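J.: Turn this into a model:
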Amino acid sequence: MEKFSLKDMIGGWFIGNFEPSLLKTNDVEVSVKKYKAGDYDKKHYHKVGTEYTVIVSGVVKMLDKIYNENALYFVTSTTSGATNIFNITFDSNSQITMAS
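T.: Residues are numbered from 1 along each chain as shown. All right, here's what the predicted structure looks like:
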């Protein structure tokens, strides 16, 4: 078994085609984010693959939508180059809702 620290991962990203990474792949990128006031991610898109992000603290705005603490979202690319964002939220009863 190998042991890793999230502190060693750049920007919370721990799976994808970058270093360091727990799993090097072009198919998916996975991150855990802690946003503070003024933080932002550079605008980008994916030709292939899916991006998964868990927000453990803070708030972020992506493509005119607001994502809050405890949100999980994933971004997929389409063959036309369009981007789809799906938001997964949890209510007080631990019920899961997924919306695009």
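J.: quick one: pLDDT of Ile55?
T.: Note for Ile55: predicted pLDDT of 84.
J.: Give the burial count for Phe74, as a bare number.
T.: If you count neighbours by other CB atoms under 10 Å, Phe74 ends up with 18. C-beta coordinates here come from the backbone N, C-alpha and C atoms, glycine included.
J.: Next, work out how far apart it and Pro20 are.
T.: Phe74 sits 22 Å away from Pro20, taking CB to CB, to the nearest Å as the criterion.
J.: now do Phe14
T.: From Phe14 to Pro20 the distance is 8 Å (CB to CB).
J.: Mutual contacts of those two, please.
T.: Each of Phe4 lies in contact with both Phe14 and Pro20 under the rule CB atoms under 8 Å, 6 or more residues apart in numbering.
J.: These two: who's more crowded?
T.: Set Phe14 next to Pro20 and count neighbours by other CB under 10 Å: Phe14 wins out with 20 against 12.
J.: And for the more buried one, nearest residue in space, chain neighbours not counted?
T.: Leu22 (5.2 Å; CB to CB, 6 or more residues apart in numbering).
J.: One more: Ile15?
T.: Nearest residue to Ile15 in three dimensions, chain neighbours excluded: Val30, at 4.0 Å (CB to CB, 6+ apart).
J.: From Tyr67, how far out is the residue nearest to Lys34 when sequence neighbours are not counted?
T.: Excluding its sequence neighbours, the residue lying closest to Lys34 (CB to CB, 6+ apart) is Ser57, at 4.6 Å. As judged by CB to CB, Ser57 and Tyr67 stand 12 Å apart.
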